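*Asks:* My questions are about this predicted structure, shown below with the sequence.
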Amino acid sequence: MKNRFKVIGMMSGTSLDGLDIACVEYKLLKTGWTFTIIHAETVPYPKKWHEALANAHTLSAADLLILHGAYGTYLGQQCKEFITRNSLARVDFIASHGHTIFHQPKSKMTFQLGDGNAIYAHAGVPVISDFRSLDVALSGQGAPLVPAGDKMLFQDYDVCVNLGGIANISRDEGRTRIACDVCFCNMAFNYLMASTGQRFDRGGGRAARGTVDPSLLKQLRRVYQPLKKKRTSLGREIFESNVVPLLDGKELSLEDKLATCVESTAIEIIEAVIQPRVKTVLFTGGGAYNAFLMTRLLEHCGDRADLVIPDDDVVNFKEALIFGFLGVLRFLGKVNTYKSVTGAISDSSGGVMIGFK
């Protein structure tokens, strides 16, 4: 069995910060899998693509499929330029998450924009894409998928937390990996900041100047309360129907809305994370750079656990490197999606393989 891979992982998150591309070497040792990030970068989306991705859910079926191919072409071109720019020789394959446009597992539907065939055609490297659809077909939520990577690559931590557009966690419960989406994170902060023409609240500076509104905080708590009974995967649809009306309906300053969203996020995450045997918690994702959010997390956590932020490459590119690893597991025919996480009828090895010989 091949035990060493050089893979390019690609991730585009719900916060639309840009395209994360990471070239990672994975090795299987006697003690388990290890990884080394060879090179990684975020390619900011040009205004054209930022708007296209933000509005893709409003398109007709035909126009969406046209965009699917065009975005796949864009991803393939970005990969090819990334390989050339960084002199990356002998890449085994590309593992692309794509950009989630629709995620409705109850209707057996999930759609990640970015046609793998177009990526392959323009990058000239084999591609594994569409990691979620098999799990959804198996009656799973199709999310989160990162836990397999958390379990095998970050085994030194009791809990892994990703502070992306949506905050999600994964941890072991006995011998079983469990994981769930917890709450909206950067998606809420960025939505509020859009009114200023800025994409995000750098360092949480504007939130830090605000005051928590008890009424809005209580309303946000009510949004998440029923979701805790059956940890439904969160997506744009729930955000737009359950959270946006609350944020738009309050006559509060931007700073107060941001402060309240940060407080809500911190409370939900710490409640989900802190367990009797939890000692170390790893935080990654763009939200780890939100100093105000991290301050509130520390305040709510107290001395019950150590909250750890790793080096910048892992913070910024953990999802891209994990999707690269999910590609490795798919290539090997190994499980990369856990039924204990998604609620599917069985574990599976998800991902469509294109261009392999």
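*Replies:* Structure received.

*Asks:* buried residues in the worst-scoring helix or strand of the chain on mean pLDDT?
*Replies:* Every helix and strand in the chain was compared by mean pLDDT, DSSP states H and E; the lowest is helix 236-238, with a mean of 86. Buried residues in helix 236-238, counted by 16 or more other Cβ atoms under 10 Å: Arg236, Ile238. C-beta here means a position set from N, CA and C on the backbone, and glycine is covered the same way.

*Asks:* Which helix or which strand is home to Thr100?
*Replies:* strand 93-104 (DSSP states H and E).

*Asks:* Please compute how far that strand lies from its chain's middle.
*Replies:* 10 Å (Cα atoms, centre = their mean, to the nearest Å).

*Asks:* Now the very next helix or strand once past that strand: buried residues?
*Replies:* Going down the chain from strand 93-104, the next helix or strand is strand 109-113, by DSSP H and E. Applying a neighbour-count criterion of 16+ other Cβ under 10 Å, one finds Thr110, Phe111, Gln112, Leu113 buried in strand 109-113.

*Asks:* need the contact list for the second one.
*Replies:* Under the criterion of Cβ atoms under 8 Å, 6 or more residues apart in numbering, the neighbours of Phe111 are Leu64, Thr100, Ile101, Phe102, His103.

*Asks:* and if we set it to 7 Å?
*Replies:* Ile101, Phe102 (Cβ atoms under 7 Å, 6 or more residues apart in numbering).

*Asks:* any idea where the helices of the chain begin and end?
*Replies:* 47-55, 61-85, 116-123, 133-137, 147-153, 186-193, 205-208, 214-229, 236-238, 244-249, 254-273, 291-301, 312-332, 339-342 (DSSP state H).

*Asks:* Report the mean confidence score over the fourth one.
*Replies:* The one in question is helix 133-137. The average pLDDT for helix 133-137 rounds to 97.

*Asks:* So what touches that helix?
*Replies:* Pro105, Lys108, Thr110, Gly142, Thr337, Thr342, Ala344, Ser348, Gly350.

*Asks:* Mind picking the two most distant members of these?
*Replies:* Lys108 and Thr337 (15.6 Å; Cβ to Cβ).

*Asks:* Looking at the two now, which is surrounded by more residues?
*Replies:* Higher neighbour count among Lys108 and Thr337: Thr337, with 28 against 12, using other Cβ atoms under 10 Å.

*Asks:* contacting residues for the closest residue to Thr14 other than its chain neighbours?
*Replies:* Spatially, and ignoring its direct neighbours in sequence, Thr14 is nearest to Gly165 (3.1 Å; Cβ to Cβ, 6 or more residues apart in numbering). Contacts for Gly165 were tallied using Cβ under 7 Å, 6+ apart; they are Gly13, Thr14, Ser15, Cys185, Asn186, Met187.

*Asks:* swap in Lys80?
*Replies:* His122, Ala123, Gly124.

*Asks:* shaky segments in this protein?
*Replies:* Along the chain, segments meeting pLDDT under 70 span 15, 229-232.

*Asks:* in it, what residue sits furthest out from the centroid?
*Replies:* Glu251 (31.3 Å; Cα atoms, centre = their mean).

*Asks:* related to what we said a few turns ago, Serialize the contacts of helix 133-137 to CSV and add fields for distance to Asp92.
*Replies:* As requested, the contacts of helix 133-137 are exported to CSV (distance: Cβ to Cβ, whole Å):
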residue, distance to Asp92
Pro105, 31
Lys108, 32
Thr110, 26
Gly142, 25
Thr337, 21
Thr342, 27
Ala344, 27
Ser348, 22
Gly350, 18
